[in-house]
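> Structure for this input, please:
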Amino acid sequence: MALLISHSAPTTAFISCSAASRNSSISTPPLLKNLKFPRFWPWQKVKIGPMNVSPMGFGTWAWGNQLLWGYEESMDDELQQIFNLAVESGINLFDTADSYGTGKLNGQSEKLLGKFIRNFQGNKQARDNIVIATKFAAYPWRLTPNQFVAACESSLDRIQIEQIGIGQLHWSTANYAPLQERALWDGLVAMYDKGLVKAVGVSNYGPKQLLKVHEYLKARGVPLCSAQVQFSLLSMGKDQIEIKNICDSLGIRVIAYSPLGLGMLTGKYSANNLPNGPRGLLFRQILPGLEPLLNSLKEIAQKRRKTVSQVAINWCISKGTIPIPGVKSMKQAEENLGALGWQLSSDELLQLEYAAAESPREMVQNIFQTR
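The predicted structure follows:
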């Protein structure tokens with residue numbers, strides 16, 4: 001069996017006939033009483049390269065990260081439950097990286113994903129359809145194509161699968177080591193030609209570098225299938241919009257990381273209620289300027305009987321991207337899954353984007369993001 005590697009159980013609807021509501025002697029047919037509907041329908045899957053994936057994926061940055069997300073190995077049982085719930089709910093895209101995991105836990109996210117895949121006892125077809133997108137760091141010691149291929153092989157070993165779904169260059173070195181960039185691109189070509197990855201993508205690429213890498217890969221017969229970028233109602237600046245337009249014109253799928261702005265778009269935090277650690281310092285700077293946006297999110301969430309997080313994630317889906325919200329608990333997993341199966345109206349999209357423009361603060365961009 002070959003698995004493709006690259007933030008709930010199905011909703012149960014209880015249907016009662018109108019006649020039954022008027023006459024208590026008429027019971028609901030047994031087949032309808034516990035009818036289960038999927039989170040989304042098969043035709044709502046998204047094309048990314050040669051693969052079909054769920055309209056939302058799960059990000060695993062927190063799985064192994066002690067510094068920013070407070071990971072502990074005691075969390076692994078719940079993370080397995082989260083993984084099982086996601087797959088059983090139709091999620092088949094999981095995003096990771098060879099650098100995810102701090103200190104001695106470097107690579108822990110990939111290891112956990114491999115373990116969770118092997119331990120999954122559910123539907124075999126769902127298991128076989130899993131696509132894991134992993135990113136390879138542009139470390140300064142990875143100077144040749146062969147070294148980048150070796151990084152891919154190490155990820156395969158950690159996850160213990162035969163082929164990666166989407167192999168991604170984690171960031172561009174154009175800003176500080178432009179000569180290294182070409183070797184990394186050649187590494188993507190080599191891992192694709194060797195069949196180590198089903199498709200290739202990039203992450204943290206700005207508009208100019210995105211066009212360059214697309215042309216370079218195209219000339220070597222390698223399609224660029226995805227571009228991962230920080231994209232949310234907090235990150236919809238000029239570069240993000242330009243990247244999205246380029247991707248749409250070239251058939252590249254945008255994978256939106258941090259769709260909840262590290263948690264700022266969940267509605268759970270305020271100037272008087274900040275998260276611990278480095279995130280708290282960032283939130284202190286940005287949250288006070290987000291009142292127009294957060295108010296609009298809360299208004300729409302209340303009307304739709306959704307949560308603020310679900311509305312923020314659905315905005316990303318409605319814009320044609322694949323959001324990959326991170327998740328650390330079953331509660332978060334259930335909530336994120338509630339972003340599927342419905343779509344914001346055009347008026348609601350405009351309302352949110354206007355409110356975002358009216359908010360004087362926006363998300364700090366990744367330091368590795370290039371032009």
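> Residue 225 falls within a helix, correct?
No. The assignment for residue 225 by DSSP: H, G, I helix; E, B strand; the rest coil gives strand, which leaves it out of any helix.
> who touches it in this structure?
Going by Cβ atoms under 8 Å, 6 or more residues apart in numbering, residue 225 touches 48-50, 166, 199-201, 252-253. Glycine gets a C-beta too; all of them are placed from N, C-alpha and C.
> Repeat that for residue 156.
Counting by Cβ under 8 Å, 6+ apart, residue 156 makes contact with 5, 162-164, 196.
> which secondary structure element contains it?
Secondary structure assigned from DSSP states H and E places residue 156 in helix 145-159.
> how far does that helix sit from the chain's center?
Relative to its parent chain, helix 145-159 has a centroid offset of 22 Å by Cα atoms, centre = their mean, to the nearest Å.
> which other residues reach the following helix or strand past that helix?
Once the chain leaves helix 145-159, the next helix or strand it forms, by DSSP H and E, is strand 163-169. With Cβ under 8 Å, 6+ apart as the test, strand 163-169 has contacts from 2-6, 48-49, 51, 131-136, 138, 152, 155-156, 184-185, 187-188, 191-192, 195-203, 213, 225-226, 228.
> out of those residues, which are buried?
The neighbour count (16 or more other Cβ atoms under 10 Å) marks 3-6, 48-49, 51, 131-136, 138, 152, 155-156, 184-185, 187-188, 191-192, 196-203, 213, 225-226, 228 as buried among those.
> Point out the ones among those residues that are inside helices.
The helices, defined by DSSP state H, take in 152, 155-156, 184-185, 187-188, 191-192, 213 from these.
> and which of those residues is nearest to residue 56?
residue 155 (22.9 Å; Cβ to Cβ).
> The closest one contacts residue 99, correct?
No. Using Cβ atoms under 8 Å, residue 155 makes no contact with residue 99, being 10.5 Å away.
> can you list residues touching both of these two?
Common neighbours of residue 155 and residue 99 (Cβ under 8 Å, 6+ apart) are residue 107.
> Could the C-alpha coordinates of the helix holding residue 156 be exported in PDB?
Written as PDB, here are the backbone C-alpha positions of helix 145-159 (Å, rounded to 0.1, in the frame of the first residue of the first chain):
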ATOM      1  CA  PRO A 145      20.200  18.800  -4.900                       C
ATOM      2  CA  ASN A 146      21.300  15.400  -3.500                       C
ATOM      3  CA  GLN A 147      21.300  16.900   0.100                       C
ATOM      4  CA  PHE A 148      17.700  18.100  -0.500                       C
ATOM      5  CA  VAL A 149      16.700  14.600  -1.800                       C
ATOM      6  CA  ALA A 150      18.300  13.100   1.300                       C
ATOM      7  CA  ALA A 151      16.100  15.400   3.400                       C
ATOM      8  CA  CYS A 152      13.000  13.900   1.500                       C
ATOM      9  CA  GLU A 153      14.200  10.400   2.200                       C
ATOM     10  CA  SER A 154      14.600  11.200   5.900                       C
ATOM     11  CA  SER A 155      11.000  12.400   6.000                       C
ATOM     12  CA  LEU A 156       9.900   9.200   4.300                       C
ATOM     13  CA  ASP A 157      11.700   7.200   7.000                       C
ATOM     14  CA  ARG A 158      10.200   9.200   9.800                       C
ATOM     15  CA  ILE A 159       6.700   8.900   8.500                       C
END
